[in-house]
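J.: 3D, please:
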Amino acid sequence: MSSLKVSDLPLAGLKRVQRQRLADERGSFARLFCAEELAAAGWTVPVAQVNHSFTRARGTVRGLHYQRAPHAEMKLVSCVRGEVWDVAVDVRAGSPTFLQWHAQFLSAADGAAMLIPAGFAHGFQALSDDAELVYCHSAAYAPTAEAGLHVRDARLAINWPLPVLGLSPRDAGFAWLTPGFEGVRL
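T.: Numbering: from 1, shown residues only. The predicted structure follows:
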């Protein structure tokens, strides 16, 4: 029996992963990652890194981050406390959905995750105080390959549900897209 139900989202390769939660009088149990079950969704390499973020204030935005080849990465993003609005932007060169974005509400209560393929930028907005995310990455963080998009870039026109707060100096410093931006080649 599968404990992860995977469904397609509007952008090619982007998936919603619904965890099956088993509960009894003691509490609950849910699988966060399963290589065998996620292989059909495109995750075919070992997990290289697992990260955790804690975001103190509602409205805070983190992102939009990605890594260029050869360190491009898939991510499985799960909310384990609170609620977030999770955003993925297609930056794959030549993609028919280039620079289109999709967002999903993720919460600890709903048990859903977003599986983001390589070549997508990722960010989120905390919709509750004290939001926590767990990220499984297919590639380790490589500072020389990191890149980002500005969360307020007019060309992306992301409709953040709340006023954007709490950008880090790094995230606030990402340049806006230029007409010459061609995306990432994988």
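J.: where does pLDDT dip in this protein?
T.: Flagging of the chain using pLDDT under 70 yields the residue ranges 1.
J.: tell me, what residue is most central in it?
T.: For the chain, His122 is the residue whose C-alpha lies nearest the centre (Cα atoms, centre = their mean; 4.5 Å).
J.: so what's it up against?
T.: Contact partners of His122, counting by Cβ atoms under 8 Å, 6 or more residues apart in numbering, are Gly63, Leu64, His65, Tyr66, Lys75, Val77, Asp86, Val87, Ala88, Val89, Ile116. To be clear about C-beta, it is placed using only N, CA and C from the backbone, and glycine gets the same treatment.
J.: now His65. Nearest residue, chain neighbours left out?
T.: Nearest non-adjacent residue to His65, counting by Cβ to Cβ, 6 or more residues apart in numbering: Gly148, 5.1 Å away.
J.: over to Cys34?
T.: Nearest in space to Cys34, with sequence neighbours left out and distances taken as Cβ to Cβ, 6+ apart, is Leu4 at 5.7 Å.
J.: show me where the chain has helices.
T.: 35-38, 169-172 (DSSP state H).
J.: and those helices, which is most packed in?
T.: Burial of the helices of the chain is given as mean neighbour count (mean count of other Cβ atoms under 10 Å); helix 35-38 ranks first at a mean of 14.
J.: elements contacting it?
T.: Contacting helix 35-38 under the criterion 3 or more Cβ pairs under 8 Å, 6 or more residues apart in numbering; DSSP states H and E are the following elements: strand 4-8.
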